[in-house]
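Asks: Below is the structure, and that's it, no one-letter string:
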């Protein structure tokens, strides 16, 4: 039997079983969800948390002193809010520190370039790399040139501006280039790799992001250049000029540790059934990580707190996890916070009935998505009823991946849900110096809190078995 | 008689004389203005000029090699377009070069600050200045503290975000602080002066700008800090923290020259009656001076060119001047391009019948303003008729100042006109690294060209004596 038929059969079985019809909440639980939802709209918890986090600690690169200090502070903050079992799980990490980086167009009329080294990119030789730029409009075009043919050159891949879309779907195709680019360029002999920033804005602020280890390292220095600078390089070439640039970086890696901050609202009747609300504590070094992802912590903490202080403890346990090291982890590293948590849990992963992640900024939620087996169920209809009044529609697609932080739980079989945020302007700011508190709209932040509070309340006070309702993964 | 009464009498006399009624253009001239206006909307001249200028030369600080090379190139460009008497007028200048500047918040969790040294600011000692920040919310509050009381401190003036307004009127009050701040702070003993960027955006891109010499120098290093960084400093103080920062700059001044590029469309019947279309060639060093003020050159060049190629040379001479050194000139310097031109003209200033300046970005023109004596005249009514269809209204106030470039002509008695540009987003970009070509909307740029072409055509083919119609300046 093919994998596809297996999956289809499992899905059919899941619908046939229809375990949800009997487990829809009573009206009192639904009414309480609506009350919590509306109360969250005027709460101050989320804004207070993200304000303090980003102000006190600024940038929080994975493994840095700032990330570690922020985690310790957040643990105290969570205790102060009444969370239980608050603890910090440390794990080792190969950290990456930017140092100083810069770029410029050389020649009679030199021009500064707004560049940022990519995460885990090695340093340039002292004084930088000075070389002619060879421009490619796709990764495939770079791949197509003969090995060694770019000796002494800098390879630039510029596929044009990323499209701003509500679901952020313009991002994936371009990050593939950012990840693979340095290795491909090195094979061609290039001295450095340059990519047009993966972003939808026109600010002179480069978008950093991590690049991938191949054989345990990044082969050559890689940089992102801002969109207006990438345009400038292209125009100079259109005028028939040879563009020579200088790129300089003092980046280095170092042994350190990161950590997850874990805090519970223990369940009243079924404490061993754990709902994970995930986000990440670390940020890129250029901004202060307000939208990526201080906001995610703020939203999930505020939602759990709203439920905790509702006067009635939830039946299931709600666990907030502020993951460390989401941004720069490498496959060859000891791993990111999501992986470290899933490994540490071991067999207890089976206790996790569902997980959700908030890591797409602070703009409003426009849709919710439940695991595949919950499609078309009474539970889904209840969630639709409760979230519709705050502008949250039912997603046309079930949630199956969850995101980088709860992804390792999902891979281990934990069902995931999603509250889809409007990402239209997320990639204007993402991974740039512009990721700062002022970019958060408090009203939209609280709409997120309202959606999380209501949905998590409904999940926590139901007996829905999301796991058993899921189609089993097909045999590999 | 008071100055005020004198001025009022002069104004009354001007209206009584009503020299315009007889000099309104004939219908053929008006029809030609309308045709030129509409044709300009699809012209490529302005966009081509500003694209080449900003791409080939990038930033063009006053007195730099790039400004000089751009001037030489522009002279050739103007010759290529058919301008006559194209020449370059050099003048000496004390230039200012930024070198490297940087800032950061010190402490356990250091945070980078987006700062830029202010024009003519001296360098810091090597290694920078490390000091506690004392924050003031007005220049008056800084002025009020005892002399010497800020010894070893950095004085920050943060009056809050500049308001974005169509007429840019939020700018003036804050530049006053930028100009006077270093001197006031020095008197109080401060080691450096810091100002919240004079701008209406929330990007991590500081707005530079010049500061004023007092007694022939700028007393202490001055820096602008981006709005989000100024907010961050304020929040840290709100949390009860002492904010210590490091500010570093290697800026220096040097002897150089700048230049004006001057090019004519000679008048057919009255060549000695000169209409000046002004803008400036230099830019700040952080961006490429697309909106400030490559666009102004583009608009005025394209307008003059459109008239020149209309098949009928204008009666009066149209003179395009690309002024040098508008941005960083000091009172104690030899002066800016506007002053250098007016001085060089000497008695020939009397030949200048009117002057206009385009130096407020590339967004659309929303109003025109004529000199005081032209208010309510037939000529004004004709201009209203021709410009109204492209969205240009009649300004409620006459034009009297003109701007920094043609200001010295205005001071010497030359009437000035204004085509008022929408400045709502101008101060988002002004004097920052974000002043790049992509910020120009080609459609709005051409609406500017259309307005300039039509108005200048009407002026050039009229016998209106703007000068005689003006109220005479009151005795000083």
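Replies: Done, it's in. Just so you know, these numbers come straight off a predicted model, no measurement behind them.
Asks: List the buried residues in the longest helix seen in chain A.
Replies: Longest helix in chain A, counting residues (DSSP state H): helix A:442-460. Neighbour counts over helix A:442-460 (16 or more other CB atoms under 10 Å in any protein chain shown) mark A:444-460 as buried. No exception for glycine: its C-beta is placed from N, CA and C like everyone else's.
Asks: Now do the SS call for the residue lying farthest from the centre of chain A.
Replies: Relative to the centre of chain A, the most outlying C-alpha is that of residue A:108, 42.6 Å out, by CA atoms, centre = their mean. Classification of residue A:108 using DSSP: H, G, I helix; E, B strand; the rest coil returns coil.
Asks: so where does the residue nearest to residue A:110 when sequence neighbours are not counted fall, helix or strand?
Replies: If the residues on either side of it in the chain are set aside, residue A:110 comes closest to residue A:104, at 5.6 Å by CB to CB, 6 or more residues apart in numbering or on different chains. According to DSSP states H and E, residue A:104 maps onto strand A:101-105.
Asks: what helices or strands is the following helix or strand past that strand leaning on?
Replies: Counting by DSSP H and E, the next helix or strand C-terminal to strand A:101-105 is strand A:111-113. The contact analysis (3 or more CB pairs under 8 Å, 6 or more residues apart in numbering or on different chains; DSSP states H and E) places strand A:111-113 against strand A:101-105.
Asks: Tell me how many other residues crowd residue A:275.
Replies: When counting by other CB atoms under 10 Å in any protein chain shown, one arrives at 24 neighbours for residue A:275.
Asks: That one against residue A:317, yeah?
Replies: Yes. Counting by CB atoms under 8 Å, residue A:275 touches residue A:317, with 6.8 Å between them.
Asks: circling back to that earlier point, can you give me the separation between the residue farthest from the centre of chain A and residue B:57?
Replies: 9 Å (CB to CB, to the nearest Å).
Asks: Then residue A:353?
Replies: 63 Å.
Asks: do the same with residue A:308
Replies: Taking CB to CB, one finds residue A:308 at 61 Å from residue B:57.
Asks: distance between the longest helix of chain A and the chain's centre?
Replies: Computed by CA atoms, centre = their mean, to the nearest Å, the chain-centroid distance of helix A:442-460 equals 19 Å.
Asks: So is it next to chain B?
Replies: No. On the criterion CB under 8 Å from any CB of the partner chain, helix A:442-460 is out of touch with chain B, staying 14.2 Å away.
Asks: Just list whatever residues bridge to residue A:88.
Replies: Residues in a beta bridge with residue A:88, per DSSP bridges, are residue A:261.
Asks: number of nearby residues for it?
Replies: Residue A:88: 16 neighbours (other CB under 10 Å).
Asks: Run through the residues that contact it.
Replies: Contact partners of residue A:88, counting by CB atoms under 8 Å, 6 or more residues apart in numbering or on different chains, are A:71-72, A:75, A:259-262.
Asks: One more pass at 6 Å, please.
Replies: Counting by CB atoms under 6 Å, 6 or more residues apart in numbering or on different chains, residue A:88 makes contact with A:71, A:75, A:259, A:261.
Asks: same check, this time on residue A:150
Replies: Taking CB under 6 Å, 6+ apart as the test, what residue A:150 contacts is A:134, A:188-190.
Asks: can you pull the contacts of the residue lying closest to residue A:36 once chain neighbours are set aside?
Replies: Spatial nearest neighbour of residue A:36, chain neighbours left out: residue A:453 (4.8 Å); criterion: CB to CB, 6+ apart. Residues counted as contacts of residue A:453 (CB under 6 Å, 6+ apart) are A:36, A:40, A:303, A:306.
Asks: just curious, which of those residues is nearest to residue B:295?
Replies: Nearest to residue B:295 among the contacts of residue A:453, counting by CB to CB, is residue A:40 at 47.1 Å.
Asks: Near chain B, which residues of chain A are found?
Replies: A:55, A:57-58, A:66, A:109, A:111, A:202-204, A:228, A:235-236, A:433-434, A:436, A:438 (CB under 6 Å from any CB of the partner chain).
Asks: and these, which of them are in helices?
Replies: Using DSSP H, the residues of chain A next to chain B in helices are A:55, A:57, A:66, A:228, A:235-236.
Asks: Make CSV out of the contacts of residue A:150 and add pLDDT and secondary structure.
Replies: As requested, the contacts of residue A:150 are exported to CSV (pLDDT from 0 to 100; DSSP: H, G, I helix; E, B strand; the rest coil):
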residue, pLDDT, secondary structure
A:134, 98, strand
A:188, 98, coil
A:189, 98, coil
A:190, 98, coil
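Asks: Tell me which two in those are the farthest apart.
Replies: Across the contacts of residue A:150 (CB to CB), the longest gap, 10.5 Å, separates A:134 and A:189.
Asks: quick one: low-confidence parts of chain A?
Replies: A:1-24, A:329-335, A:468-476 (pLDDT under 70).
Asks: can you map out the helices along it?
Replies: A:3-17, A:27-40, A:45-57, A:65-80, A:139-144, A:171-187, A:227-238, A:295-308, A:337-345, A:378-387, A:407-411, A:426-429, A:442-460, A:466-469.
Asks: Any chance you could list what contacts the second one?
Replies: Contacting residues not belonging to helix A:27-40 are listed as A:306, A:310, A:386, A:449-450, A:453-454, A:457-458, A:461 [CB under 6 Å, 6+ apart].
Asks: Any idea which residue is closest to the centre of chain A?
Replies: residue A:359 (4.5 Å).
Asks: Contact partners for that residue?
Replies: A:279, A:293, A:296, A:403.
Asks: Make TSV from those residues and add neighbour count to it.
Replies: As requested, the contacts of residue A:359 are exported to TSV (neighbours: other CB atoms under 10 Å in any protein chain shown):
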residue	neighbour count
A:279	26
A:293	32
A:296	31
A:403	23
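Asks: Turn those residues into CSV, including distance to residue B:119.
Replies: Below are the contacts of residue A:359 laid out as CSV (distance: CB to CB, whole Å):
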residue, distance to residue B:119
A:279, 43
A:293, 39
A:296, 41
A:403, 46
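Asks: Around residue A:420, how many other residues sit close by?
Replies: 21.
Asks: ranking the helices of chain A by burial, who's on top?
Replies: The highest average neighbour count among the helices of chain A, using mean count of other CB atoms under 10 Å in any protein chain shown, belongs to helix A:295-308 at a mean of 28.
Asks: so how far is that one off the chain centroid?
Replies: The answer for helix A:295-308 is 17 Å, by CA atoms, centre = their mean.
Asks: elements contacting that helix?
Replies: If you count contacts as 3 or more CB pairs under 6 Å, 6 or more residues apart in numbering or on different chains; DSSP states H and E, helix A:295-308 packs onto helix A:45-57, strand A:270-280, strand A:316-323, helix A:442-460.
Asks: rewinding a little: can you tell me which two in the contacts of helix A:27-40 are farthest apart?
Replies: A:449 and A:461 (18.0 Å).
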